[in-house]
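Colleague: Structure for this input, please:
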Amino acid sequence: MSFISYKQFVRKFYFPLLCKIKREQTLEYLGKLEQSQYLSGEEIKKMQWSRLQRLITHAYENTLYYKRLFNNAELKPDDIKTYEDFLNIPLLSKENVRNHQKEFLDRTHRGKFYKTITSGSEGLSLKLFYDRDFKSWVSAAQWRARRWFGVDIGDKEVAFWGRPLESSFERLVGPYKARMRNIMLISPFDVSKKRLDAHRRKIRGFRPDYMYGYALSIYKLAEYIKQAGKEKKDSFGYKAIFTTSETLFKHQENLIEEAFGCKVAQEYGCAEAGIIAHECPQGNMHITSENLLVEFLKDGQPALPGEFAEVVVTSLNNFYMPLIRYKIGDMGARLDHQCRCRRGLPIMRLDTAKVTSTIITSKGKTFSSELLDYINLELIKKGIKGIRQFRIIQIAPAAFEVEIVKQQPFLPESVDYFRKKMREFFGMDIKIDVKFVEKISRDKSGKIHYFISRIATQQ
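Modeller: Okay, the predicted model is just below:
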């Protein structure tokens, strides 16, 4: 009698069964994406334009926001015949989405929908909604990119990914649901040496095929392994390391590759649009053009190839909450050369300013600043209103300044909760100076970061 491995069981039976139960079309869309990636650039643009026109018509006919927007601009969907016409549609900001959230929703939608909450690098929370189709396309795009490196559904994965901070059903069952898919979840927040050593031992016992997660957490683990001289023991056949959430510098990428003995590839995305782009084995970041339209705008106009400009996205598959010409707050550049991998998908470069910092406590513990985002998300989930936007500045190992833009109605317990969680993680003796401000100021590059470290000895 022949037996199949657990990874084959997940790939051939469990994952397809999950898709069928959830009525998701990930595998069908994955097949389509694997074919379309080798179309010519012009063929991909033609496909993209057809989907864009369909989305614009749908948004105009079925959402209050776009009906009003087009009418005020004296536009009709039929007027959008070229890219130049498309530029006449006003840009969309996070504030617009936040202030008119319900007006973006398809009034005719009757099927299942999903909700997620994000605050992003600017500390400005958003409630986002998407349908089953959008979820399937995003998952398919991720698996297509992973297959470029020989990674497939069912392969053993170690994921440095956040979990709810408070006790909940999701926190309890999440790791078990992940293990059913052959995934080991590891908290990315505490990157102190003691915790990293525990992670390393746990990972060695699992012997994964690949790793995925927050770039800073994976880099800190690789750095610890190199400093301990244990890279020979920890490079046991990884197919690839996939990083996300922030940009890696070249020296960080090189160190991760040395520690784990495999290629590192960066995934670029956001909650609002899904997988925007993914690095291929040749080192180029390919845009997922079948799923979205990406613009690079300087002063509202298309930037030249290679010129860093504002990244603006339009998701082509979220018909429940369409976001057209949405400013995600990142900087990037389009490149006009052809990749040696022969894929027709366009190439972009991301600004290295998208970087996560570390929080160093008075007791020498080190945390990823992503933890602050999760504290804010827990606050939102609990329905404790009061914080519209925040920024935390660490001025000493045991001293923090917290800038808060109030949300109305303002509940003082929102600030109390933030203080409580910060002390739980960073020490009960820390000083927290809360300042209420009208707005969070931008840095010289025009970006807003929810965490800034002013500790000279930052690692």
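Colleague: wait, isn't residue 305 in contact with residue 335?
Modeller: Yes: at 6.1 Å, residue 305 and residue 335 qualify as touching, with contact defined as CB atoms under 8 Å. All C-beta spots, glycine's among them, are computed from the backbone N, C-alpha and C.
Colleague: and these two? which has more neighbours close in?
Modeller: residue 335 (15 against 12; other CB atoms under 10 Å).
Colleague: Next up, the contacts around the more buried one.
Modeller: 284, 305, 306, 346, 347, 348, 349 (CB atoms under 8 Å, 6 or more residues apart in numbering).
Colleague: Check the gap between it and residue 393 for me.
Modeller: 36 Å (CB to CB, to the nearest Å).
Colleague: Residue 433 too?
Modeller: 9 Å.
Colleague: Between those two, which is the more surrounded one?
Modeller: residue 393 (16 against 11).
Colleague: what's the helix or strand containing the more buried one in contact with?
Modeller: Mapping residue 393 onto the secondary structure by DSSP states H and E places it in strand 387-396. If you take CB under 8 Å, 6+ apart as the criterion, strand 387-396 is touched by 122-125, 359-360, 372, 376, 379, 400-407, 414-415, 418, 422, 439-440, 448-455.
Colleague: how about the strands in the stretch 201-350 of the chain?
Modeller: Using DSSP state E, counting those that start in this stretch, the strands assigned to the stretch 201-350 of the chain run over residues 210-214, 240-244, 264-270, 274-279, 285-287, 292-298, 301-302, 309-315, 326-335, 347-350.
Colleague: Among the ones you listed, which comes closest to residue 88?
Modeller: strand 301-302 (12.3 Å; CB to CB).
Colleague: Report the distance from that closest one to the chain centre.
Modeller: Centroid separation for strand 301-302 versus its chain: 25 Å, with CA atoms, centre = their mean, to the nearest Å.
Colleague: Worst mean pLDDT across the helices and strands of this protein, which element?
Modeller: helix 231-234 (a mean of 63; mean pLDDT, DSSP states H and E).
Colleague: about what we covered before: can I have the buried ones of the contacts of strand 387-396 as a PyMOL selection?
Modeller: Remark: buried members of the contacts of strand 387-396, expressed as a PyMOL selection using 16 or more other CB atoms under 10 Å:
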select buried, resi 122+123+124+125+359+360+372+376+379+400+401+402+403+404+405+406+414+415+418+422+440+448+449+450+451+453
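Colleague: quick one: which of the contacts of strand 387-396 sit in helices?
Modeller: Residues from the contacts of strand 387-396 lying in helices, with DSSP state H as the criterion: 372, 376, 379, 414, 415, 418, 422.
Colleague: shouldn't the fourth one be in contact with residue 383?
Modeller: No: using CB under 8 Å as the test, residue 414 is too far from residue 383 to be in contact (10.2 Å).
Colleague: longest helix anywhere in the protein?
Modeller: Assignment by DSSP H; longest helix in the chain turns out to be helix 41-62.
Colleague: So what angle separates the directions of it and strand 309-315?
Modeller: Using axes from the mean of the first three to the mean of the last three CA atoms, to 10 degrees, the direction of helix 41-62 lies 70 degrees away from that of strand 309-315.
Colleague: Show the average pLDDT along whatever helix or strand comes next after helix 41-62.
Modeller: Downstream of helix 41-62, the next assigned helix or strand under DSSP H and E is helix 64-72. In this model, helix 64-72 has a mean pLDDT of 96.
Colleague: same question, stretch 19-39
Modeller: 96.
Colleague: Ends of it, what's the gap?
Modeller: Length of stretch 19-39, first residue to last, CA to CA, to the nearest Å: 27 Å.
Colleague: May I have the predicted confidence score for residue 354?
Modeller: For residue 354, the model assigns a pLDDT of 56.
Colleague: Listing request: residues of the stretch 1-150 of the chain with sub-threshold pLDDT.
Modeller: Scanning the stretch 1-150 of the chain for pLDDT under 70 picks out the ranges 1-2, 119-124.
Colleague: quick one, helices of it?
Modeller: For the stretch 1-150 of the chain, the helices defined by DSSP state H, counting those that start in this stretch cover 6-9, 15-22, 26-36, 41-62, 64-72, 83-86, 94-99, 132-147.
Colleague: so which of those is the most packed in?
Modeller: helix 132-147 (a mean of 21; mean count of other CB atoms under 10 Å).
Colleague: Show me what the helix or strand following it is packed against.
Modeller: Once helix 132-147 ends, the next helix or strand along the chain (criterion: DSSP H and E) is strand 157-160. Identification of packing neighbours for strand 157-160 by 3 or more CB pairs under 8 Å, 6 or more residues apart in numbering; DSSP states H and E yields strand 183-186, strand 210-214, helix 215-227.
Colleague: Format those as TSV; extra columns: mean pLDDT, distance to residue 29 and mean neighbour count.
Modeller: Shown next, in TSV, are the helices and strands packed on strand 157-160 (pLDDT from 0 to 100; distance: least, CB to CB, whole Å; neighbours: other CB atoms under 10 Å):
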stretch	mean pLDDT	distance to residue 29	mean neighbour count
strand 183-186	93	21	19
strand 210-214	94	20	23
helix 215-227	89	27	23
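Colleague: Looking at the contacts of strand 387-396, which are in strands?
Modeller: 359, 360, 400, 401, 402, 403, 404, 405, 406, 451, 452, 453 (DSSP state E).
Colleague: ok, of those residues, which one's closest to residue 83?
Modeller: residue 405 (36.2 Å).
Colleague: circling back to that earlier point, now do the strand holding residue 393 against strand 399-406, angle only.
Modeller: Going by the same axes, to 10 degrees, strand 387-396 makes 170 degrees with strand 399-406.
Colleague: ok, now how distant is residue 258 from residue 241?
Modeller: 11 Å.
Colleague: who's more crowded, these two?
Modeller: residue 241 (26 against 13).
Colleague: That one: what's it in contact with?
Modeller: By CB under 8 Å, 6+ apart, the contact list for residue 241 reads 210, 211, 212, 218, 256, 257, 260, 262, 263, 264, 265.
Colleague: let's see 10 Å
Modeller: Applying CB atoms under 10 Å, 6 or more residues apart in numbering to residue 241 gives the contacts 149, 158, 210-213, 215, 218-219, 222, 253, 256-257, 259-266.
Colleague: Which strand or helix spans residue 178?
Modeller: Going by DSSP H and E, residue 178 is part of helix 169-180.
Colleague: Okay, buried residues for that helix please.
Modeller: So, applying 16+ other CB under 10 Å, buried residues of helix 169-180: residue 178.
Colleague: Give the rounded mean pLDDT of that helix.
Modeller: Mean predicted confidence for helix 169-180 is 79.
Colleague: send the alpha carbons of that helix over as CSV?
Modeller: Presented in CSV, the C-alpha positions along helix 169-180 are these (Å, rounded to 0.1, in the frame of the first residue of the first chain):
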residue,chain,number,x,y,z
PHE,A,169,-11.4,32.2,19.8
GLU,A,170,-9.4,33.4,16.8
ARG,A,171,-6.2,33.5,18.9
LEU,A,172,-6.9,30.0,20.3
VAL,A,173,-7.7,28.2,17.0
GLY,A,174,-5.5,30.2,14.6
PRO,A,175,-2.4,28.1,15.1
TYR,A,176,-4.3,24.8,14.8
LYS,A,177,-6.0,25.9,11.6
ALA,A,178,-2.6,26.9,10.2
ARG,A,179,-1.0,23.6,11.1
MET,A,180,-3.8,21.8,9.2
